[in-house]
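1. fold the following.
(2 chains)
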Amino acid sequence: DAGVTQSPTHLIKTRGQQVTLRCSPKSGHDTVSWYQQALGQGPQFIFQYYEEEERQRGNFPDRFSGLQVPNYSSELNVNALLLGDSALYLCASSRNGQGQPQHFGDGTRLSIL
Amino acid sequence: GEDVEQSLFLSVREGDSSVINCTYTDSSSTYLYWYKQEPGAGLQLLTYIFSNMDMKQDQRLTVLLNKKDKHLSLRIADTQTGDSAIYFCAEGDGTGFQKLVFGTGTRLLVSP
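-> This next block holds a predicted model:
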């Protein structure tokens, strides 16, 4: 039973570029959340997708967008990259419902030059 | 507002017990979680507790919740060198959407 898988593992971009990160949820999970973890910090919630719609969003600008497809996989897109976007981007999946625990992938390390 | 605080660092000897503490501010939090992160890896779910419980035990892990003081602790019995990692406390935001608010993490160092 595969857990949460994310791709790519590492990515290097330059300022102003755009990036797409991908996530496949754990089998049986229908809800996907994205988090940004800066170095030495705890993860910060970006947004959550359920039934192919964004249903909750954290304090991130519109440069951060996403989508979810019918098989529950999800993408995180970031436009006009800034140096401050350098971080580990974590995808978490869960079953829908209060208290359902979120299971995390190993993340995508994004470096902006 | 939501805020989760943890001490930054804990050092113990192998075989001792470790206690990692966490305080949270959102009184509407219904679930509280503990995650472990090893270098270069994502977060591994260790355990979680519902806010109407005081204690939960799972093998070497014991979670204590003091809802009045909004204090959560994770005790690891017989700590091993493989337990060295960063431990994050997280609170569910109580809305049912499962947004998690994380602390800054406690780095646990276990020496032989």
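
2. quickly note the distance from the residue of chain B with the smallest separation from chain A to A:Leu76.
-> Of all residues in chain B, B:Phe102 sits closest to chain A, at 3.4 Å by CB to the nearest CB. The C-beta positions use only the backbone N, C-alpha and C, and glycine is treated the same way. Distance, B:Phe102 to A:Leu76, using CB to CB, to the nearest Å: 18 Å.

3. more neighbours, these two?
-> Between B:Phe102 and A:Leu76, A:Leu76 has the larger neighbour count (other CB atoms under 10 Å in any protein chain shown), namely 26 against 23.

4. give the other helices and strands that the helix or strand where that one lies contacts.
-> In the assignment (DSSP states H and E), A:Leu76 maps to strand A:74-78. Here strand A:74-78 touches strand A:19-24, strand A:31-37, strand A:64-68, strand A:87-94, going by 3 or more CB pairs under 8 Å, 6 or more residues apart in numbering or on different chains; DSSP states H and E.

5. closest to chain B out of those strands?
-> Closest approach to chain B among the helices and strands packed on strand A:74-78 (CB to the nearest CB): strand A:87-94, 5.7 Å.

6. alpha carbons only: can I get the closest one in CSV?
-> The C-alpha trace of strand A:87-94 is given here as CSV (Å, rounded to 0.1, in the frame of the first residue of the first chain):
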residue,chain,number,x,y,z
ALA,A,87,11.2,25.8,1.2
LEU,A,88,10.2,22.2,1.6
TYR,A,89,6.6,21.7,0.2
LEU,A,90,4.7,19.0,1.9
CYS,A,91,1.6,17.3,0.7
ALA,A,92,-0.7,15.5,3.2
SER,A,93,-3.7,13.3,2.5
SER,A,94,-6.5,12.1,4.6
